[in-house]
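Engineer: missing the sequence, but the structure's below:
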């Protein structure tokens, strides 16, 4: 018998994209186990919620949809899911992830074996498009995907949490981080994992379990990738980790495949965008601090 085969999971999809939800529910339902439940946190008003398919299992009684009645952000949605989940263990899947029953089985095994947080490998699926020259394996993390030749780490596109242990440790998702509105702010997932492990939680990376990440055409453009790098810099500064974040991004960006000269040029370009993001966040924070100080100086 497979270890943890009967472990029930609450599988959570947090999304602010009405055009992605129905397909995400269908893909996820096909991979779910018989005791799993699906929780959709729709970060949008109820009137924008699409009709969700009920053709596949699980039955509607095992699917719950909660609307935030506005765009509150990914971290807010994740925190809501932790409160609303009816099982001890929650699996977060992005709305453009293609999960498999095998990957969910490996997650169950890891959780049953004692992991408090665990994640799978995420592979970029370009949907038949060629990878452009300015996208080496060193920039795949800007698409929420792991580089094939490098070790995986736990990312928010496909990871699971022992909710009870997270509550015991007092760890939640930082609502200053994570996608909200049109921004590409990120790092709420890795910050959560850092805080969990810093407080003694056990983390397991499932290098041999894989899900696919569907990449749309507009993300395979240089403008999108540079914008994503810029917001990575803002994210690192926002979680007070700018110096280490810049070093991390430089090392990632120059680790890609392809000709050495191209890799070096791209590393400089993308890391420069990261640094611009760090600077922008520092300026924004300084202005906000000055604005807060003005009323006090008038007293």
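Structural biologist: Everything's here; your move. Computed from a predicted model, the values in this text were never measured in an experiment.

Engineer: Pretty sure residue 101 sits against residue 33.
Structural biologist: Yes. Residue 101 is within contact range of residue 33, at 7.4 Å (criterion: Cβ atoms under 8 Å). C-beta coordinates here come from the backbone N, C-alpha and C atoms, glycine included.

Engineer: Looking at those two, which one has more neighbours?
Structural biologist: residue 33 (17 against 11; other Cβ atoms under 10 Å).

Engineer: quick one: contacts for the more buried one?
Structural biologist: 5, 8, 9, 101, 104, 105, 108 (Cβ atoms under 8 Å, 6 or more residues apart in numbering).

Engineer: before we move on, what about residue 93?
Structural biologist: Per Cβ under 8 Å, 6+ apart, neighbours of residue 93: 11, 12, 13, 24, 28, 99, 157, 158, 211.

Engineer: Likewise for residue 101?
Structural biologist: Counting by Cβ under 8 Å, 6+ apart, residue 101 has contacts 31, 32, 33.

Engineer: Same question for residue 129.
Structural biologist: 215, 217, 220 are the contacts of residue 129 under Cβ under 8 Å, 6+ apart.

Engineer: hang on, the earlier thing: can you tell me which two in the contacts of residue 33 are farthest apart?
Structural biologist: 8 and 101 (14.6 Å; Cβ to Cβ).

Engineer: Residue 83 - how many residues pack around it?
Structural biologist: With other Cβ under 10 Å as criterion, residue 83 counts 9.

Engineer: ditto for residue 88
Structural biologist: Residue 88, neighbours per other Cβ under 10 Å, totals 15.

Engineer: can you tell me how far residue 197 sits from residue 175?
Structural biologist: Per Cβ to Cβ, to the nearest Å, residue 197 is found 20 Å from residue 175.

Engineer: could you dump the contacts of residue 33 to a markdown table with pLDDT?
Structural biologist: Converted to a markdown table, the contacts of residue 33 look like this (pLDDT from 0 to 100):
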| residue | pLDDT |
| --- | --- |
| 5 | 77 |
| 8 | 97 |
| 9 | 98 |
| 101 | 97 |
| 104 | 98 |
| 105 | 97 |
| 108 | 98 |
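
Engineer: remind me, longest strand of this structure?
Structural biologist: Using DSSP state E to define each element, the chain has its longest strand at strand 203-214.

Engineer: So which bits of whatever helix or strand residue 23 lives in are buried?
Structural biologist: If you go by DSSP states H and E, residue 23 is part of helix 18-29. By 16 or more other Cβ atoms under 10 Å, the buried positions in helix 18-29 come out as 20, 21, 23, 24, 25, 27, 28, 29.

Engineer: before we move on, the earlier item: which among the contacts of residue 33 end up buried?
Structural biologist: For these, a neighbour count by 16+ other Cβ under 10 Å gives the buried set as 9, 104, 105, 108.

Engineer: between those, which is nearest residue 166?
Structural biologist: Distances from residue 166 to these, taken by Cβ to Cβ, are shortest for residue 9, at 14.9 Å.

Engineer: Tell me the buried residues in the helix or strand of the chain with the lowest mean pLDDT?
Structural biologist: The helix or strand of the chain with the poorest confidence is helix 260-297; it has a mean of 90 (mean pLDDT, DSSP states H and E). Using 16+ other Cβ under 10 Å as the test for burial, helix 260-297 gives 263, 266, 267, 269, 270, 271, 273, 274, 275, 277, 278, 281.
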